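Participant: Structure of the sequence below:
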Amino acid sequence: MRIAQALATEPRLLLCDEPLLSLDPRHQREVVRLIDDRRRAKGTAILFVTHEINPVLPYVDRVLYLADGRFRIGSVDEVMTSRSLSDALRRPDRGDPYRRADCRGRSPRPRDGLDSD
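Facilitator: Model (predicted):
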């Protein structure tokens, strides 16, 4: 219902916050197809936030993957690799070349519990 309401307003940008939550796989695919149809037909930009990534991967141009205050951004082929995901999920240490600022915009410190096991 909310997706239909959002699409009825002819937005230039559609913000989708967990639109697949609590849907079975068939309905997840239907929702993703509906949103993608709108994107192609009207040139609507889509920002899609989801934990259910598999149904959307065939449709996305760029991925921002967030895990434990770290991120990867790029094309699906760049971000959704075993190495990239393993690096993103690994707890950072001082020598980590992929170390990133945490979500509060500052570099993780040991006292925050981000650098310790």
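
Participant: Average pLDDT for the longest helix seen in the chain, rounded please.
Facilitator: Assignment by DSSP state H gives helix 25-42 as the longest helix of the chain. Helix 25-42 comes out with an average pLDDT of 93.

Participant: gap between that helix and the chain center?
Facilitator: Distance of helix 25-42 from its chain centroid, counting by CA atoms, centre = their mean, to the nearest Å, is 17 Å.

Participant: And the contacts of that helix?
Facilitator: Outside helix 25-42, the residues that touch it by CB atoms under 8 Å, 6 or more residues apart in numbering are 3, 7, 10, 14, 16, 19-20, 23, 44-46, 48, 52, 55-56, 59. For the C-beta atoms, the positions are set from N, CA and C on the backbone; glycine is no exception.

Participant: Buried residues, it. List them.
Facilitator: 28, 29, 31, 32, 35, 36, 38 (16 or more other CB atoms under 10 Å).

Participant: Relative to residue 62, how far out is the second one?
Facilitator: So the one you mean is residue 29. 21 Å (CB to CB, to the nearest Å).
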